[in-house]
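Undergrad: Structure for the following, please:
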Amino acid sequence: MFPTVRDVLALDPVQYGGPRVVAGETSLDRLVRWVHVAEVPDIAPLLGGGELVLTTGIGLPADDDGLRAFIGDLAGVGVSGLVVELGRRYPASVPRVMVAAANRRGLPLVELRLPTPFVPITEAVHGLIVHAQLAELRATEEIHQRFTELSVEGAEPAEVIRQAAELSGCPVVLENLSRQVLAYDPAGGSAELLLSGWEQQSRRIRPTGRTAYDPDTGWLVTTVGARGQDWGRLLLRWPSGEWADRLGMPDRMGAPERPELPPTRLTILLERAASTLALGRLIRRDVDGLERQIHRTLLTTLLDHARLVDEVALRARALGVVLERRHLVGVVVRHRTDEAATETAQARLRDLAEAVSQAMRESKLTGLASALDDQAVGVLLALPDASAEERSLSAFAAALDRVRLAAASTQHAAGARDAVIVAAGSGVGTLREGRRSLIEARQIADAARRGRRDLAVFRLPHVRLPGLLHLLRDEPRLQTFVERELGPLLAYDAEHPKEQLLGTLRIYLEQGRNKSAAATAAHLSRPAFYERLARIARILDADLDSVDVCLSLHVALLALDAVRDT
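TA: Numbers count the residues shown, from 1 in each chain. Predicted structure coming up:
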């Protein structure tokens with residue numbers, strides 16, 4: 001961080017000259033990038049902005065117009081301030097015309113009332129600048145070291161966000177493509193204030209480029225993703241003094257103003273944090289695949305590695321389970337509620353796996369059974385023919401209920417028989433297709449948790465399109481589809497919260513595009529409702545009379561509901 005004009009005036013070599021600020025006092029927190037000594041009036045073209053200009057005034061114009069032009073030229077190139085030593089050209093004070101011109105342009109104008117060598121001033125200021133640059137380099141080195149350690153450790157996203165907030169001293173938020181917060185750290189401020197109305201707030205943040213600062217909202221933003229697949233955004237709040245107060249944060253610079261742009265180290269920090277998050281996601285996915293290869297049973301081998309079908313069939317036959325020339329049905333059994341990976345959760349999963357195996361024995365069914373992950377047990381039933389499918393599934397579900405009821409009675413535990421979901425995929429005729437049936441069953445089981453229906457066995461028709469979209473709610477491509485179809489309307493609603501045109505579109509589509517019925521459902525007159533539809537069509541650039549367009553928008557609305565369902 002460069003020193004400010006205020007910092008420079010506090011230096012001993014400057015204090016030796018008895019400085020007095022005569023104009024532009026409200027701009028003393030401008031940053032000083034360099035110090036330049038000048039004794040000619042046409043110095044402005046040689047400057048690049050951010051310089052503190054020192055002069056005795058010997059070569060300055062003698063007329064008022066010339067002095068106004070001199071001040072205007074300096075302000076025009078963005079100098080930080082002008083320091084004039086009295087005594088040689090101006091005995092008692094700088095001309096009033098210079099003071100007035102500097103005040104009009106907000107340019108700090110300082111008198112040195114005593115003879116002052118300029119060399120000690122330039123040396124002291126340049127020393128501050130070099131020191132600040134070294135501090136910036138040290139901070140950057142610490143950023144790289146910290147996030148390298150986090151990458152090696154495979155840190156969770158919450159820890160990465162915490163470290164980013166700690167290093168920057170600013171609030172940090174990680175969101176997905178649907179503008180939902182995945183993790184955040186308010187940096188000691190108010191989390192409630194930070195996240196209030198987040199989706200609308202986020203949609204107003206429109207940076208240009210993959211990493212950019214949006215000065216209108218005060219957010220530094222970078223995209224998070226790897227291998228060409230973006231899945232979120234990482235945002236860092238670089239507040240003005242007003243925002244520091246609103247967020248309950250101290251003003252770290254001790255001044256009422258902040259620089260217009262965040263320092264470079266914060267951009268580096270945000271990009272390194274985003275890289276760590278993207279790498280961590282890849283590592284966790286790959287480690288999980290490796291663990292399954294090593295620790296899972298034949299069932300998970302079939303599920304994760306379709307190329308090993310022949311080996312699975314051979315090893316299953318050796319266990320007495322014949323999978324060739326059988327009607328295969330994938331089944332997944334899971335608790336309706338998830339539980340964190342603790343010893344209690346693992347015990348609960350083991351109990352469920354044992355109950356499933358016992359239910360298969362009682363219903364005289366053969367197949368493979370295994371825990372698929374930390375929450376679900378999978379079964380691949382091997383039936384003699386397709387006609388036995390419904391009967392066998394009903395028998396299995398009834399047997400499982402009896403087994404769990406008996407276990408609950410034996411254990412006398414209130415939570416021993418919490419609700420479970422039994423989901424079955426489509427029956428198939430080959431082991432290679434058995435993988436598809438298992439995947440379908442797992443998806444159905446996950447989607448069934450969203451509804452309130454209690455069925456003995458859930459099948460694909462029971463979950464329908466909303467269930468499918470619920471399964472895909474974390475898929476970046478689905479979130480991208482929602483943003484492509486509804487993004488302009490969501491952004492409009494964020495800017496005009498009283499109108500909420502998304503609700504109007506929803507009513508129109510739910511009423512089968514019957515405008516009269518939709519107007520009645522919306523409690524609006526027909527002209528008012530038609531005008532709203534016309535506005536929606538303009539915002540989305542869509543033909544709301546087209547069946548295909550409305551179908552796409554309806555699916556996008558269902559997908560939006562799915563990604564918003566936490």
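
Undergrad: model confidence over the host helix or strand of F481, on average?
TA: Per DSSP states H and E, F481 falls inside helix 476-495. On average, the pLDDT along helix 476-495 is 92.

Undergrad: List the buried residues for the very next helix or strand once past it?
TA: Sequence-wise, the next helix or strand downstream of helix 476-495 (DSSP H and E) is helix 501-510. By neighbour count with 16 or more other Cβ atoms under 10 Å, helix 501-510 contains the buried residues L501, L502, T504, L505, R506, I507, Y508, L509. Glycine gets a C-beta too; all of them are placed from N, C-alpha and C.

Undergrad: Count the neighbours of the closest residue in space to the last one that isn't next to it in sequence for me.
TA: When you say that, I think you mean L509. Nearest non-adjacent residue to L509, counting by Cβ to Cβ, 6 or more residues apart in numbering: H554, 4.6 Å away. By other Cβ atoms under 10 Å, 18 other residues sit near H554.

Undergrad: so H554 touches I507, yeah?
TA: No: taking Cβ atoms under 8 Å as the definition, H554 is not a contact partner of I507, at 11.8 Å.

Undergrad: what do these two both touch?
TA: Here H554 and I507 have no joint contacts, going by Cβ atoms under 8 Å, 6 or more residues apart in numbering.

Undergrad: sorry, back to before: which strands and helices lie in contact with the helix holding F481?
TA: Judged by 3 or more Cβ pairs under 8 Å, 6 or more residues apart in numbering; DSSP states H and E, helix 476-495 is in contact with helix 198-203, strand 229-237, helix 501-510, helix 526-540, helix 547-564.

Undergrad: Just the CA trace of it, in CSV.
TA: Output in CSV follows, covering the C-alpha atoms of helix 476-495 (Å, rounded to 0.1, in the frame of the first residue of the first chain):
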residue,chain,number,x,y,z
PRO,A,476,-23.3,-26.6,-13.2
ARG,A,477,-24.8,-27.3,-16.6
LEU,A,478,-28.3,-27.2,-15.2
GLN,A,479,-27.5,-24.0,-13.3
THR,A,480,-26.2,-22.5,-16.5
PHE,A,481,-29.4,-23.5,-18.3
VAL,A,482,-31.4,-21.7,-15.6
GLU,A,483,-29.3,-18.6,-15.9
ARG,A,484,-29.6,-18.6,-19.7
GLU,A,485,-33.3,-19.0,-19.7
LEU,A,486,-34.3,-16.9,-16.7
GLY,A,487,-31.2,-14.8,-15.8
PRO,A,488,-32.4,-11.5,-17.4
LEU,A,489,-35.8,-11.8,-15.6
LEU,A,490,-34.1,-12.6,-12.3
ALA,A,491,-31.8,-9.7,-12.7
TYR,A,492,-34.8,-7.4,-13.5
ASP,A,493,-36.7,-8.7,-10.4
ALA,A,494,-33.6,-7.9,-8.4
GLU,A,495,-33.6,-4.3,-9.6
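
Undergrad: What residues of that helix count as buried?
TA: Of all the residues in helix 476-495, those buried under the rule 16+ other Cβ under 10 Å are 478-479, 481-483, 485-494.

Undergrad: Go through those and name the one nearest L469.
TA: L478 (7.1 Å; Cβ to Cβ).

Undergrad: Buried residues of stretch 93-102, list them for me.
TA: Buried, per 16+ other Cβ under 10 Å, within stretch 93-102: V94, P95, M98, V99, A101, A102.

Undergrad: still on that earlier bit, pull the most distant pair out of the buried residues of helix 476-495.
TA: Top of the distance list for these (Cβ to Cβ): L478 and Y492, 21.7 Å.

Undergrad: In this structure Q511 contacts L505, no?
TA: No: Q511 is beyond contact range of L505, at 11.0 Å (criterion: Cβ under 8 Å).

Undergrad: Check the separation of the first and last residues in stretch 372-388.
TA: 25 Å (Cα to Cα, to the nearest Å).

Undergrad: now that stretch, how far from the chain's geometric center?
TA: 38 Å (Cα atoms, centre = their mean, to the nearest Å).

Undergrad: Show me what counts as buried in it.
TA: L372, D373, Q375, A376, V377, G378, V379, L380, L381, A382, L383, A388.

Undergrad: Tell me which of the residues you listed fall in strands.
TA: Counted as lying in strands by DSSP state E, out of those, are A376, V377, G378, V379, L380, L381, A382, L383.

Undergrad: With respect to L560, which of the residues you listed is nearest?
TA: Checking those one by one against L560 (Cβ to Cβ), the nearest turns out to be A376, at 27.0 Å.

Undergrad: Not counting residues beside it along the chain, what's closest to that closest one?
TA: R334 (3.8 Å).

Undergrad: how near is that neighbour to D474?
TA: R334 sits 18 Å away from D474, going by Cβ to Cβ, to the nearest Å.

Undergrad: So the two - more neighbours on which side?
TA: R334 (23 against 15).

Undergrad: Any idea how far the helix or strand harbouring that one is from the middle of the chain?
TA: Secondary structure assignment for R334, by DSSP H and E: strand 327-335. Remark: strand 327-335 is offset 35 Å from the chain centroid, using Cα atoms, centre = their mean.

Undergrad: the inter-axis angle of that strand versus strand 376-383?
TA: Here strand 327-335 runs at an angle of 160 degrees relative to strand 376-383 (axes from the mean of the first three to the mean of the last three Cα atoms, to 10 degrees).

Undergrad: With respect to A212, which of the buried residues of stretch 93-102 is nearest?
TA: A102 (33.8 Å).

Undergrad: Can you give me the distance of L266 to S80?
TA: From L266 across to S80, the span is 22 Å (Cβ to Cβ).

Undergrad: who has more neighbours, those two?
TA: Shown here are L266 and S80; by other Cβ under 10 Å, S80 has more neighbours (26 against 21).

Undergrad: who touches the more buried one in this structure?
TA: V5, R30, L31, V32, R33, G50, E51, L52, P108.

Undergrad: Excluding sequence neighbours, find me the nearest residue to the fifth one.
TA: Distances taken as Cβ to Cβ, 6+ apart put G50 closest to R33, at 3.2 Å, once the chain neighbours are dropped.

Undergrad: could you pull out the helices for the stretch 151-300 of the chain?
TA: 157-168, 191-195, 198-203, 241-246, 264-295, 298-304 (DSSP state H, counting those that start in this stretch).

Undergrad: Make CSV from those and add mean pLDDT to it.
TA: Shown next, in CSV, are those (pLDDT from 0 to 100):
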stretch, mean pLDDT
helix 157-168, 90
helix 191-195, 84
helix 198-203, 89
helix 241-246, 44
helix 264-295, 68
helix 298-304, 75
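
Undergrad: Reformat the ones you listed as CSV; add distance to V84.
TA: What follows is the helices of the stretch 151-300 of the chain, written out as CSV (distance: least, Cβ to Cβ, whole Å):
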stretch, distance to V84
helix 157-168, 39
helix 191-195, 45
helix 198-203, 46
helix 241-246, 30
helix 264-295, 33
helix 298-304, 77
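
Undergrad: These: which one's closest to H523?
TA: With Cβ to Cβ, the closest approach to H523 among the helices of the stretch 151-300 of the chain belongs to helix 198-203: 24.0 Å.

Undergrad: can you list contacts of the helix or strand hosting R435?
TA: Using DSSP H and E, R435 sits in helix 431-448. Counting contacts by Cβ under 8 Å, 6+ apart, the residues outside helix 431-448 that touch it are 299, 302-303, 306, 309, 312-313, 323-324, 328-334, 372, 376, 378, 380, 421-428, 455, 458-460, 462-463, 466-468, 470-471.

Undergrad: after that helix comes which helix or strand?
TA: With secondary structure assigned by DSSP H and E, helix 431-448 is succeeded by helix 460-471.

Undergrad: What angle do helix 476-495 and that following helix make with each other?
TA: Per the same axes, to 10 degrees, the angle that helix 460-471 makes with helix 476-495 is 70 degrees.

Undergrad: So which bits of helix 460-471 are buried?
TA: Buried-residue list, helix 460-471, by 16+ other Cβ under 10 Å: L460, V463, P466, G467, L468, L469, H470, L471.
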